[in-house]
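*Asks:* I need the structure of the sequence given here:
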Amino acid sequence: LALNDGAWRRWAELDEPESEAMPDFRDKLTRVEKLLVIRCLREDRTLPAASLFATAVLGHRHTDLRQASLADLEAHASAATPLVVLMQPGTGLDPTGAISDLARKRKRVVRLLAATSA
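*Replies:* From the prediction side, this is the model:
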């Protein structure tokens with residue numbers, strides 16, 4: 001970073017640096033490595049970067065809750081295949097209540113874990 005600090009500073013100051021190529025590395029980093037660099041340099045962009053990572057790995061069909069019903073999600077979830085929900089503050093999309101309600105109706109135990117970058 002020290003060898004190209006101006007380019008890194010410009011990249012880090014972008015509104016959405018996770019959507020742009022990183023200086024010096026371009027396409028040399030794996031998706032996980034890029035996510036880790038973003039976490040180190042722009043912690044506030046970790047959740048959007050994680051969402052891009054999940055979409056790249058799993059595909060949009062598996063990462064957009066607006067396209068899936070809870071019944072569909074439940075059919076694919078199990079102890080071996082958990083349901084992971086990444087939410088971005090300010091989007092108004094928070095399925096926590098609906099997930100809890102469905103679990104209660106099905107008489108199942110659901111464990112919710114909130115991981116924040118704050």
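*Asks:* Leu35 and Ala49 touch, don't they?
*Replies:* Yes - between Leu35 and Ala49 there is a contact at 5.4 Å, judged by C-beta atoms under 8 Å. Where you see a C-beta, it was placed from the backbone N, CA and C, and this is true even at glycine.
*Asks:* list the buried residues of the top helix by length along the chain.
*Replies:* What stands out as the longest helix in the chain, according to DSSP state H, is helix 46-58. By neighbour count with 16 or more other C-beta atoms under 10 Å, helix 46-58 contains the buried residues 46-54.
*Asks:* and it, what does it pack onto?
*Replies:* Packing contacts for helix 46-58, counted by 3 or more C-beta pairs under 8 Å, 6 or more residues apart in numbering; DSSP states H and E, involve helix 31-41.
*Asks:* so where's the protein shaky on pLDDT?
*Replies:* 61-68, 86-91, 115-118 (pLDDT under 70).
*Asks:* quick one, helices of it?
*Replies:* 5-12, 31-41, 46-58, 70-76, 96-105.
*Asks:* quick one: which of the ones you listed is nearest Ser19?
*Replies:* Smallest distance to Ser19 across the helices of the chain (C-beta to C-beta): 7.3 Å, for helix 46-58.
*Asks:* how about the closest one as PDB, C-alpha atoms only?
*Replies:* Written as PDB, here are the backbone C-alpha positions of helix 46-58 (Å, rounded to 0.1, in the frame of the first residue of the first chain):
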ATOM      1  CA  THR A  46     -18.000  -4.900   4.600                       C
ATOM      2  CA  LEU A  47     -21.700  -5.800   4.400                       C
ATOM      3  CA  PRO A  48     -22.200  -4.600   0.800                       C
ATOM      4  CA  ALA A  49     -18.900  -6.400  -0.100                       C
ATOM      5  CA  ALA A  50     -20.100  -9.600   1.600                       C
ATOM      6  CA  SER A  51     -23.400  -9.400  -0.300                       C
ATOM      7  CA  LEU A  52     -21.500  -9.100  -3.600                       C
ATOM      8  CA  PHE A  53     -19.300 -12.000  -2.600                       C
ATOM      9  CA  ALA A  54     -22.300 -14.200  -1.800                       C
ATOM     10  CA  THR A  55     -24.000 -13.300  -5.100                       C
ATOM     11  CA  ALA A  56     -20.800 -14.100  -7.000                       C
ATOM     12  CA  VAL A  57     -20.400 -17.400  -5.300                       C
ATOM     13  CA  LEU A  58     -24.000 -18.600  -4.900                       C
END
